[in-house]
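Colleague: heads up, no residue letters with this:
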């Protein structure tokens, strides 16, 4: 192990890290359910778990969050100013001012719209009316400005699943479990049409003209209606479950379970355009008109922005699910493996996301080779895929097949010459893959060089040494094994962990290996004799990942309880603990000045090294404190006791403040000076003084001074406000026990003194 100072390639000394702060996060903002677009089409209203989030489409980041975890939101709608959310537990509809400045209370009002949960809501084009439909089939209309119910419509059977206002007329359309589309006239408060044409739930309505409506549902048909007469004009089979429709460029665009957007001529009802290949091979669950194109929502919470030609322009990731692995990708980007068949490529600055599709099973591990712009991914589909970055975009160049079970780990070699790739699998084998003759130009001809049965139980991880000579694997059989890279010979076995090994890493500068295990321990092993030389204890759950940082002088690790710890390699001490996740932290990446972590809570955290900033701040604070302490000494020397008392309060120096109070009380008019001084104190200064008094009062030597200051405090004009201040209550309660004890002690002393005086007086009388 390296001891003393270490230097990087440029010759600069490597500073040890001590403190980190979260600089930014990639948080989930949509976990399924209702999703609406603001009228200005710049924001999305999304349901995220039990909360409601407002997302800026241009950045893909949540700008507002409303609600609470205990009262789940079911459905939402809003305009450019306010947002309505219907909640399950309280049965309330809550109105939020989502474009506030952050200082005022966002909740404007809440009201109970129905005696049962509200399942659907809609606002009219003027944003003056709000429609709500509930599980009892009742539909109500509310005047938003005047806060009262204007209409109540009954007649639907079952849960109201769809509610929509006509864009130009005062008509409200509703559909429920009875599969009928009801048209309600708001001017006459009557049901004018009962449209029957679907045999499965209706999911979407569009209005190509003022008198024409097209409805789509899960019965795989589009139905065209004349809404002035209520006549069914045409039924068009589309052979796809329709989950959403939108008007786009004079055409009707549909989205459904095939994951293909199709455009239909609204006059001839013929398909005029269809995507050749689905971008993500995912079935759609919603479709929203957006500017000149559409927003399509997939079942795995991807929100895809399409232009009018149905070409994808942007991909918003609403929910990453479990983040399993993180690696650096092309410049300024990260590659993420989540609980999905896709690989996410994220811009580190803007957090914009693109996806790579190629696997048919969940991606379990990824690794990159920056020298050749390569990325490798392994999956539950038993394959390894090699990707090549060209023109800032990854494309699939090779697929490695041969494993008979899920491929749990993959790792690239590090040196530019003779490139190779290793993989491990639940089939208990280690495989080494290499392009023909090690030529990077022949990646498409990558073949398996050798296969080794490596362990007795599932293999969790694999890593290649910095010099490409060794490979280490870690397994659930509680061992890590070191192999020669050239022939796959077993060189050594690392035994000592009591549970399966989750991570294994080579040191970047020493001949040692780091392992982490389900026994909550991290161990450092010497490669010369494969003995354990350090054990790092401190985690309370399985250590899922560990890495070297600061050129091997420090270790960063993450745990199943979501905590991240930074360790000193030499002293085995935990330098700091980072708490930013609420679930298992699987993914970890340490860079020169940051740590990036991902967990099962779908949160990607960017931790910035703030050690230098904090050290500078500490130096500045020490300088300021020295100056203030010198000022305090000067005030005491000049006899300016009132200013010295106030300054000692500000400096949080209780015993210096005690000394100043004692000097004031020693003056002839000390009590009056103390009272006038306390009269001018602010409430935060009084709170600090009370805290000091509670400390002074515990010592009998300081009791007299403490009681004098307390008397002056209670005699001040501000004493009337003390009882109503909850912050002061704990200090008053701390003063009472010792004050009573001192009172009893002084009372007993007075009694003893009186008895002594009486005895002395009687002795003098007897002498006479």
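Modeller: Done, it's in. Predicted model only: the values in this text are computed from it and were never measured. Numbers count the residues shown, from 1 in each chain.

Colleague: only C-alpha atoms from now on, for both contacts and neighbour counts.
Modeller: Noted.

Colleague: walking through the stretch 601-750 of the chain, point out its helices one by one.
Modeller: Assigned by DSSP state H, counting those that start in this stretch, the stretch 601-750 of the chain shows helices spanning 611-638, 641-650, 654-665, 670-679, 683-696, 703-714, 726-767.

Colleague: mean neighbour count and distance to residue 106 for those helices - can I get that in CSV?
Modeller: Compiled in CSV, the helices of the stretch 601-750 of the chain are given as follows (neighbours: other CA atoms under 10 Å; distance: least, CA to CA, whole Å):
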stretch, mean neighbour count, distance to residue 106
helix 611-638, 13, 35
helix 641-650, 19, 36
helix 654-665, 18, 42
helix 670-679, 18, 39
helix 683-696, 19, 29
helix 703-714, 18, 40
helix 726-767, 13, 26
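
Colleague: please name the residues that touch residue 87.
Modeller: 71, 72, 73, 74, 75, 93, 94, 117, 118 (CA atoms under 8 Å, 6 or more residues apart in numbering).

Colleague: got it, and residue 665?
Modeller: Contacts of residue 665 (CA under 8 Å, 6+ apart): 671, 674, 705.

Colleague: could you pull up the contacting residues of the last one?
Modeller: Okay, so that is residue 705. 658, 661, 662, 665.

Colleague: residue 658 and residue 665: what is the separation?
Modeller: 11 Å (CA to CA, to the nearest Å).

Colleague: then residue 310?
Modeller: As judged by CA to CA, residue 310 and residue 665 stand 84 Å apart.

Colleague: same check, this time on residue 17
Modeller: Distance of residue 17 to residue 665, computed by CA to CA: 50 Å.

Colleague: likewise residue 31?
Modeller: Using CA to CA, we find residue 31 at a distance of 66 Å from residue 665.

Colleague: one more: residue 78?
Modeller: 66 Å.

Colleague: contacts only, for the residue nearest to residue 673 when sequence neighbours are not counted.
Modeller: Distances taken as CA to CA, 6 or more residues apart in numbering place residue 664 nearest to residue 673, at 7.3 Å, with adjacent residues excluded. Shown in contact with residue 664 (CA under 8 Å, 6+ apart): 641, 670, 671, 673, 674.

Colleague: same check on residue 320?
Modeller: Residue 320 sits in contact with 28, 338, 339, 602, 603, where contact means CA under 8 Å, 6+ apart.

Colleague: so it lies in a helix, does it not?
Modeller: No - applying DSSP: H, G, I helix; E, B strand; the rest coil, one finds residue 320 to be coil, outside a helix.

Colleague: can you redo the contacts of residue 705 as CSV with distance to residue 624?
Modeller: Formatted as CSV, those follow (distance: CA to CA, whole Å):
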residue, distance to residue 624
658, 22
661, 24
662, 26
665, 30
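
Colleague: closest to residue 477 among these?
Modeller: residue 658 (64.4 Å; CA to CA).

Colleague: check the gap between that closest one and residue 649 for me.
Modeller: Distance from residue 658 to residue 649, by CA to CA: 10 Å.

Colleague: same check on residue 615?
Modeller: 25 Å.

Colleague: residue 239 - how many residues pack around it?
Modeller: Residue 239 has 13 neighbouring residues, counting by other CA atoms under 10 Å.

Colleague: what sits against it?
Modeller: Taking CA under 8 Å, 6+ apart as the test, what residue 239 contacts is 220, 221.

Colleague: again, only this time at 7 Å
Modeller: residue 220 (CA atoms under 7 Å, 6 or more residues apart in numbering).

Colleague: checking it next. Helix, strand or coil?
Modeller: coil.

Colleague: now do residue 305
Modeller: Residue 305 is classified as strand under three-state DSSP.

Colleague: could you do residue 204 as well?
Modeller: Counting by three-state DSSP, the backbone at residue 204 sits in strand.

Colleague: ok, it touching residue 215?
Modeller: Yes - between residue 204 and residue 215 there is a contact under CA atoms under 7 Å: 5.9 Å.

Colleague: in JSON lines, list the contacts of residue 705 along with pLDDT and distance to residue 175.
Modeller: Listed next are those as JSON lines, based on pLDDT from 0 to 100; distance: CA to CA, whole Å:
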{"residue": "658", "pLDDT": "84", "distance to residue 175": "76"}
{"residue": "661", "pLDDT": "83", "distance to residue 175": "78"}
{"residue": "662", "pLDDT": "83", "distance to residue 175": "81"}
{"residue": "665", "pLDDT": "82", "distance to residue 175": "82"}
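
Colleague: which of these lies closest to residue 730?
Modeller: residue 658 (20.7 Å).

Colleague: OK, contacts around the closest one?
Modeller: No contacts exist for residue 658 under CA under 7 Å, 6+ apart.

Colleague: gap between it and residue 746?
Modeller: Counting by CA to CA, the gap from residue 658 to residue 746 is 21 Å.

Colleague: also residue 95?
Modeller: 63 Å.

Colleague: with residue 124 instead?
Modeller: Residue 124 is 78 Å from residue 746, where distance means CA to CA.

Colleague: close enough to count as contact, residue 151 and residue 140?
Modeller: Yes - between residue 151 and residue 140 there is a contact under CA under 7 Å: 5.5 Å.

Colleague: got the buried residues for stretch 448-467?
Modeller: 448-449, 451-452, 454-455, 457-465 (16 or more other CA atoms under 10 Å).

Colleague: quick one: which of those sit in strands?
Modeller: 448, 449, 451, 452, 459, 460, 461, 462, 463, 464 (DSSP state E).

Colleague: farthest-apart pair in these, please.
Modeller: Longest span within those, CA to CA: 449 and 460, 21.2 Å.

Colleague: buried ones in stretch 512-528, by neighbour count?
Modeller: So stretch 512-528, judged by 16+ other CA under 10 Å, has buried residues 512-527.

Colleague: show me what contacts the residue lying closest to residue 558 once chain neighbours are set aside?
Modeller: Closest residue to residue 558 apart from its sequence neighbours, by CA to CA, 6+ apart: residue 564 at 4.4 Å. Going by CA under 7 Å, 6+ apart, residue 564 touches 557, 558, 577, 578, 579.

Colleague: out of those residues, grab the one that's most surrounded.
Modeller: Top of the contacts of residue 564 by neighbour count (other CA under 10 Å): residue 558, with 29 neighbours.

Colleague: that one sits in which helix or strand?
Modeller: Following DSSP states H and E, one finds residue 558 within strand 554-559.

Colleague: how far does that strand sit from the chain's center?
Modeller: 20 Å (CA atoms, centre = their mean, to the nearest Å).

Colleague: packing partners for it?
Modeller: With contacts taken as 3 or more CA pairs under 7 Å, 6 or more residues apart in numbering; DSSP states H and E, strand 554-559 sits against strand 543-549, strand 563-568.

Colleague: just send those back as JSON lines, with distance to residue 413 too.
Modeller: Listed next are the helices and strands packed on strand 554-559 as JSON lines, based on distance: least, CA to CA, whole Å:
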{"stretch": "strand 543-549", "distance to residue 413": "17"}
{"stretch": "strand 563-568", "distance to residue 413": "27"}
